[in-house]
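Novice: What follows is a predicted structure for the sequence shown.
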Amino acid sequence: KNEVEQSPQNLTAQEGEFITINCSYSVGISALHWLQQHPGGGIVSLFMLSSGKKKHGRLIATINIQEKHSSLHITASHPRDSAVYICAVKRETSGSRLTFGEGTQLTVNP
Amino acid sequence: NAGVTQTPKFRILKIGQSMTLQCTQDMNHNYMYWYRQDPGMGLKLIYYSVGAGITDKGEVPNGYNVSRSTTEDFPLRLELAAPSQTSVYFCASSYWEGGIYNSPLHFGNGTRLTVT
């Protein structure tokens, strides 16, 4: 079993829908990252969080350390949000190294 | 600001050939990483560096070598390329001090390598 599990693996939505992507992990962590990988392959860091909630534009990331779970929400989704969303955790014992989930492929149709 | 620059973007190698993937960053980040991404799999760490002159193995280091002679550059060397090394390679950097990240991770645009 992977230490970082994302769900769903694939998600198709209509423009304007509210989207939630989930990340569960099985190890103690000190930080969690959400990344976005564009269709062209480039990877961009969206959020880095260790507690609570962060918001940037239409994106919201939450984390519950006790439940070992994080969610990424996209409000008023748009076709340009179509990408792979990747969850990665920094384990308490791994220094700066990250363990990555396999990603969630999001497609938003107009 | 260029960020993290990787070259080349694409490369085809024959089995047994060698090559170097170049990575340079202009953000004065102390930490640099090389990852590989195989289809349907999460990113796997090959090697990383915590500063000039210091490198360490990640999860999948076999068949690769790195060096970090300057803060800016972190080349990845493939010796005796094998089909199992067909993948997309990403270089990344971050600034890390006092046990916490002080910057997000910055990724290069990737190198798509095929070994035939």
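Specialist: Okay, I see it.

Novice: Can you find the helix or strand in chain B with the smallest mean pLDDT?
Specialist: Sorted by mean pLDDT, DSSP states H and E, the helices and strands of chain B end with strand B:100-101, the least confident at a mean of 64.

Novice: what's the nearest residue to B:Val60 once chain neighbours are set aside in contact with, if anything?
Specialist: The shortest distance from B:Val60 to any residue other than its chain neighbours is 4.9 Å, reached at B:Lys44 (C-beta to C-beta, 6 or more residues apart in numbering or on different chains). The way it works is simple: take the backbone N, C-alpha and C, and place the C-beta from them, glycine included. B:Lys44 is in contact with A:100, B:35-38, B:58-60, counting by C-beta atoms under 8 Å, 6 or more residues apart in numbering or on different chains.

Novice: what's across from B:Lys44 in the sheet?
Specialist: Beta-bridge pairing for B:Lys44 (DSSP bridges): B:Arg36.

Novice: Give me the pLDDT value at it.
Specialist: Predicted confidence (pLDDT) for B:Lys44: 93.

Novice: for B:Ser103, same thing?
Specialist: Confidence score, pLDDT, at B:Ser103: 76.

Novice: mind checking how far the most centrally placed residue in chain B is from chain A?
Specialist: With distances taken as C-alpha atoms, centre = their mean, B:Trp34 lies nearest the centre of chain B, 2.5 Å away. Using C-beta to the nearest C-beta, to the nearest Å, B:Trp34 is found at 12 Å from chain A.

Novice: SS state for that residue?
Specialist: Reduced to three states with DSSP: H, G, I helix; E, B strand; the rest coil, the structure at B:Trp34 is strand.

Novice: Now it. Nearest residue, chain neighbours left out?
Specialist: B:Ile46 (4.4 Å).

Novice: how much space between the one you found and B:Val60?
Specialist: To B:Val60, B:Ile46 is 6 Å away according to C-beta to C-beta, to the nearest Å.

Novice: Then A:Gln37?
Specialist: With the distance defined as C-beta to C-beta, A:Gln37 ends up 19 Å from B:Val60.

Novice: before we move on, the earlier item: quick one: the residue nearest to the centre of chain B and B:Ser93 touch, right?
Specialist: No: judged on C-beta atoms under 8 Å, B:Trp34 makes no contact with B:Ser93 at a distance of 10.6 Å.

Novice: Quick check: closest non-adjacent residue to B:Arg68.
Specialist: Using C-beta to C-beta, 6+ apart, the closest residue to B:Arg68 is B:Ser49 (4.1 Å).

Novice: can you check A:Gln6 too?
Specialist: Nearest one to A:Gln6, counting by C-beta to C-beta, 6+ apart, is A:Gly101 at 4.0 Å.

Novice: Can you name the residues that contact the one you found?
Specialist: A:2, A:4-6, A:23, A:86-88, B:42.

Novice: how about the residues of chain B near chain A?
Specialist: B:31, B:33, B:40-45, B:48, B:50, B:58, B:88, B:90, B:92, B:94, B:96, B:100-101, B:104-107, B:109-110, B:112 (C-beta under 8 Å from any C-beta of the partner chain).

Novice: Buried among the residues you listed? Make that a ChimeraX selection.
Specialist: Filtering the residues of chain B next to chain A down to the buried ones (16 or more other C-beta atoms under 10 Å in any protein chain shown) takes a single ChimeraX command:
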select /B:31,33,42,43,44,45,48,58,88,90,92,94,96,101,104,105,106,107,109,110
